[in-house]
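Novice: all I have is the shape, not the residue letters:
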Ligand SMILES: Nc1ncnc2c1ncn2[C@@H]1O[C@H](COP(=O)(O)OP(=O)(O)OP(=O)(O)O)[C@@H](O)[C@H]1O
Ligand SMILES: Nc1ncnc2c1ncn2[C@@H]1O[C@H](COP(=O)(O)OP(=O)(O)OP(=O)(O)O)[C@@H](O)[C@H]1O
């Protein structure tokens with residue numbers, strides 16, 4: 001059904017190396033084929049060549065031939081393939097064409113001219129199938145990340161295309177929703193003979209459903225295709241059950257928890273006497289001193305360093321003194337460091353690239369709000385949730401709004417220590433929500449939420465799509481104001497705190513990393529991040545490379561792969577080293593190796609006394625890194641406890657290894673390896 005004949009794709013001008021090359025591949029009708037490989041290797045590029053987006057919309061040069069159902073995708077533009085191919089990209093919002101859930105589900109069918117009764121029936125079926133019935137009239141812009149992804153999937157299912165091309169379709173879905181979507185896909189493949197080509201990083205969710213796996217081992221290297229267990233035997237990306245199977249020497253390798261449980265008897269016996277607690281403490285934690293970007297003096301070359309477990313009011317990320325010697329507390333309104341630059345004389349931006357913002361800069365940003373996608377946050381009121389929908393120009397303004405909100409701990413920022421709500425601040429508490437309620441219009445997104453985050457703690461927020469995780473993170477950075485109860489960060493009330501003060505206490509990597517990016521190149525983003533944070537030049541760049549190799553300085557952030565873009569956004573925020581670090585779904589697009597490097601970095605920060613809160617559906621990540629898991633449901637906290645207790649007691653949130661080795665207490669392959 002899909003045929004690649006000696007295909008290569010090259011971005012950039014003459015002489016550039018091809019991103020993918022030597023692709024000869026056939027995907028037969030009625031098969032589910034899984035495309036795997038490291039971040040940035042070219043998976044989306046190959047998928048785009050099938051849907052026609054590459055090269056028609058992305059640029060670049062496609063050589064060779066890709067046909068779908070006999071149609072050449074180079075001579076047929078995407079709309080000429082629309083009756084045959086349904087595509088879900090990595091950024092659903094960018095592809096939505098209507099305004100509401102129901103309209104979006106109907107749109108593809110309308111374009112094909114299907115009869116109204118048929119459309120009606122299929123919309124209803126799909127609303128039920130994907131748990132969207134209650135959201136049918138909702139504006140798409142108000143949906144949570146996972147709700148958007150469900151709509152995107154639903155909208156390609158309704159026209160019943162013969163071919164589905166899906167790029168990380170479960171990345172924003174909660175575990176149960178992911179299982180449901182995969183069950184639907186399997187039914188389409190088995191019952192209707194639909195052909196599915198899907199790229200996915202969370203192999204633990206999908207590999208057992210694949211008929212075949214195609215591995216892209218490295219950029220420019222030809223793909224290797226085969227039976228899933230055969231490819232997993234040598235694949236550099238593999239789910240925990242496969243890693244466990246390889247560790248234990250099982251053959252054939254297990255692809256599912258069920259397969260692995262059947263093989264695990266001996267392993268359980270070997271592990272019976274081992275100390276799970278000790279193994280759990282044997283993670284790959286790298287002390288920050290051993291991480292180059294964290295080395296003393298890395299930030300300003302002076303060797304100045306914050307004390308571990310410093311309280312929030314003298315944050316571990318406390319900005320280093322500027323060359324001029326001005327310190328954070330004494331800078332007053334003019335403390336702009338060596339440059340003396342006011343970032344926003346026109347009052348349109350936040351601290352921008354001139355992080356050493358003055359009181360005037362910060363105040364202006366906060367009060368005018370820049371009419372940006374998020375700029376309404378600070379004292380101005382709740383923020384729009386639609387930054388990704390904004391055109392590039394607005395997004396740039398959004399970035400300025402964001403930089404006013406998020407973490408550019410400017411040197412010389414005026415500290416209002418001693419302000420009323422800080423007087424009673426307990427330095428062992430980085431953030432606290434008490435009986436917190438938040439509304440988005442008619443939607444009660446959070447109800448009576450209690451949460452405390454202390455220095456050195458890593459907390460995973462988990463829960464179904466729409467449970468309120470992003471809202472809770474948003475309330476900690478002042479993006480949303482409480483309807484009831486209180487929220488404090490570093491002793492401040494976030495939505496009432498001038499952004500320039502808040503950024504010294506807390507930072508957020510948003511669910512859509514694009515919202516943090518505004519420069520034209522990776523290099524410029526990194527340079528701005530260093531300046532904003534008062535870090536030594538090269539710090540941000542070093543973190544990007546440490547998380548993910550192969551991200552070129554000259555690339556426009558728009559052209560980065562999903563994982564590369566996330567690595568850049570993470571690096572920008574990690575450069576700022578805020579006392580409290582908030583991460584909203586921080587592993588989309590990241591391969592297992594990059595994820596493990598991220599875990600190492602975060603562990604290092606936690607060891608230094610930073611607090612970390614991550615909203616995630618990635619149960620494997622939560623098992624690796626979180627001390628505590630807080631589960632939200634319908635806007636309420638329904639569980640809050642040590643990771644092992646919370647995740648093991650829930651089939652939805654238990655990582656694969658916990659399921660395989662239950663009732664033994666192991667959560668990760670690393671723990672098992674350490675114990676053996
Ligand atoms: N339009 C473009 N212009 C220039 N370079 C691009 C463009 N699109 C992708 N690239 C580059 O091609 C490479 C492959 O990107 P692609 O998105 O295909 O990778 P991927 O395997 O899907 O990554 P991920 O797992 O992170 O989603 C990356 O280095 C990326 O920077
Ligand atoms: N601007 C808005 N207007 C109306 N409802 C909204 C708005 N923003 C969010 N919501 C709703 O609030 C609820 C909580 O959304 P939130 O984004 O916090 O969920 P989440 O737990 O992060 O979900 P996901 O796992 O899908 O990212 C959802 O039902 C969402 O649809």
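Specialist: Structure received. This one's a predicted model, so the numbers in the text were calculated from it and none came from an experiment. Ligands and ions are numbered 1, 2, ... in the order given.

Novice: which residues touch stretch 42-58?
Specialist: Contacts to stretch 42-58, defined as C-beta atoms under 8 Å, 6 or more residues apart in numbering, come from residues 2, 4, 7, 9, 11, 19-20, 23, 35-37, 60-62, 66, 68, 73-74, 76-78, 80-81, 85, 87, 89-90, 163, 165-167, 197, 199, 216, 219, 223, 559, 561-562. (Each C-beta comes from the backbone N, C-alpha and C, glycine too.)

Novice: now it: average pLDDT?
Specialist: For stretch 42-58, mean pLDDT is 90.

Novice: do the same with stretch 633-645
Specialist: The predicted model gives stretch 633-645 an average pLDDT of 92.

Novice: near ligand 1, which residues of the stretch 51-200 of the chain are found?
Specialist: Neighbours of ligand 1 within the stretch 51-200 of the chain, by C-beta under 6 Å from any ligand atom: 58-60.

Novice: can you pick the most crowded of the residues you listed?
Specialist: Counting neighbours by other C-beta atoms under 10 Å, residue 60 leads these with 18 neighbours.

Novice: and the gap between it and residue 273?
Specialist: Separation of residue 60 from residue 273 (C-beta to C-beta, to the nearest Å): 57 Å.

Novice: with residue 556 instead?
Specialist: 55 Å.

Novice: more neighbours, the two?
Specialist: Set residue 556 next to residue 273 and count neighbours by other C-beta under 10 Å: residue 556 wins out with 12 against 7.

Novice: for that one, give me its contacts.
Specialist: Here residue 556 is in contact with 520-521 (C-beta under 8 Å, 6+ apart).

Novice: now it. Its backbone dihedrals?
Specialist: For residue 556, the backbone dihedrals (degrees, to the nearest 10) come out as phi -70, psi 130.

Novice: measure it to ligand 2 for me?
Specialist: 27 Å (C-beta to the nearest ligand atom, to the nearest Å).

Novice: ditto for residue 489
Specialist: Distance from residue 489 to ligand 2, by C-beta to the nearest ligand atom: 17 Å.

Novice: I'd say that residue and residue 431 touch.
Specialist: Yes: under the criterion of C-beta atoms under 8 Å, residue 489 makes contact with residue 431 at 4.7 Å.

Novice: common neighbours of those two, please.
Specialist: 476, 506, 580.

Novice: among the residues you listed, which one has the most neighbours?
Specialist: Counting by other C-beta under 10 Å, top hit in those: residue 506 with 30 neighbours.

Novice: which residues touch the helix or strand hosting residue 187?
Specialist: Per DSSP states H and E, residue 187 falls inside helix 175-187. Contact partners of helix 175-187, identified using C-beta under 8 Å, 6+ apart, comprise 32, 129-131, 146, 150, 153, 157, 164, 166, 169-170, 173, 194, 196, 198, 202, 205-206, 209, 464-465, 617, 619, 652-653.

Novice: any idea how many residues pack against the closest residue to residue 193 other than its chain neighbours?
Specialist: Closest residue to residue 193 apart from its sequence neighbours, by C-beta to C-beta, 6 or more residues apart in numbering: residue 30 at 3.9 Å. Other residues within reach of residue 30, judged by other C-beta under 10 Å, total 17.

Novice: so residue 30, which of the three states?
Specialist: Under the three-state scheme (DSSP: H, G, I helix; E, B strand; the rest coil), residue 30 adopts coil.

Novice: what pLDDT is listed against it?
Specialist: pLDDT recorded at residue 30 is 94.

Novice: distance check, the residue in the chain that ligand 2 sits nearest to against ligand 1.
Specialist: Proximity of the chain to ligand 2 (C-beta to the nearest ligand atom) peaks at residue 146, 2.8 Å away. According to C-beta to the nearest ligand atom, residue 146 and ligand 1 sit 18 Å apart.

Novice: kindly report the same for residue 238.
Specialist: Counting by C-beta to the nearest ligand atom, the gap from residue 238 to ligand 1 is 15 Å.

Novice: where does that residue land in three-state SS?
Specialist: coil.

Novice: need the contact list for it.
Specialist: 203, 232, 246, 592.

Novice: do residue 193 as well
Specialist: By C-beta under 8 Å, 6+ apart, the neighbours of residue 193 are 29-30, 162.

Novice: how about residues contacting stretch 249-264?
Specialist: Contacts for stretch 249-264 (C-beta under 8 Å, 6+ apart): 207-208, 228-229, 232-233, 239, 241-242, 244-246, 248, 656, 659-661.

Novice: from those residues, which ones fall inside helices?
Specialist: 228-229, 232, 241-242, 244-246, 248, 656, 659-661 (DSSP state H).

Novice: tell me the most packed of the residues you listed, by neighbour count.
Specialist: In terms of neighbours by other C-beta under 10 Å, those top out with residue 241 at 30 neighbours.

Novice: and that residue, how far from residue 248?
Specialist: 10 Å.

Novice: before we move on, what about residue 213?
Specialist: Distance from residue 213 to residue 248, counting by C-beta to C-beta: 21 Å.

Novice: also residue 123?
Specialist: 48 Å.

Novice: residue 519: neighbouring residues, count only.
Specialist: Residue crowding around residue 519 was assessed by other C-beta under 10 Å; the count is 17.

Novice: hmm, it is touching residue 528, no?
Specialist: Yes: contact criterion C-beta under 8 Å: residue 519 and residue 528 qualify, at 5.9 Å.

Novice: about what we covered before: I'd assumed residue 468 was in contact with the residue of the chain closest to ligand 2.
Specialist: No: when contacts are counted by C-beta under 8 Å, residue 146 is not listed as touching residue 468 (11.9 Å).

Novice: okay, the two: which has more neighbours?
Specialist: Neighbour count, other C-beta under 10 Å: between residue 146 and residue 468, residue 468 has more, with 29 against 25.

Novice: sorry, back to before: narrow the shared contacts of residue 489 and residue 431 to those in helices?
Specialist: Judged by DSSP H, the subset of the shared contacts of residue 489 and residue 431 located in helices is residue 476.

Novice: in CSV: the shared contacts of residue 489 and residue 431, plus pLDDT and distance to residue 97.
Specialist: CSV is the format used below for the shared contacts of residue 489 and residue 431 (pLDDT from 0 to 100; distance: C-beta to C-beta, whole Å):
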residue, pLDDT, distance to residue 97
476, 95, 34
506, 93, 36
580, 94, 38
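
Novice: one step back: what helices or strands is the helix or strand hosting the residue of the chain closest to ligand 2 leaning on?
Specialist: In the assignment (DSSP H and E), residue 146 maps to helix 145-157. Helices and strands touching helix 145-157, by 3 or more C-beta pairs under 8 Å, 6 or more residues apart in numbering; DSSP states H and E, are strand 85-88, helix 92-95, helix 101-112, helix 116-129, strand 163-167, helix 175-187.

Novice: let's see that with 6 Å instead.
Specialist: strand 85-88, helix 92-95, helix 101-112 (3 or more C-beta pairs under 6 Å, 6 or more residues apart in numbering; DSSP states H and E).

Novice: mean pLDDT lowest for which of those?
Specialist: Per-stretch mean pLDDT for these is lowest at helix 92-95 (a mean of 81).

Novice: quick one: terminal-to-terminal distance for stretch 92-101?
Specialist: End-to-end distance for stretch 92-101: 12 Å, by C-alpha to C-alpha, to the nearest Å.

Novice: same check, this time on stretch 220-234
Specialist: End residues of stretch 220-234 are separated by 18 Å (C-alpha to C-alpha).

Novice: off-centre distance for that stretch?
Specialist: 26 Å (C-alpha atoms, centre = their mean, to the nearest Å).

Novice: report whether that stretch contacts ligand 1.
Specialist: No: shown here: stretch 220-234 not in contact with ligand 1 (C-beta under 6 Å from any ligand atom), separated by at least 10.0 Å.
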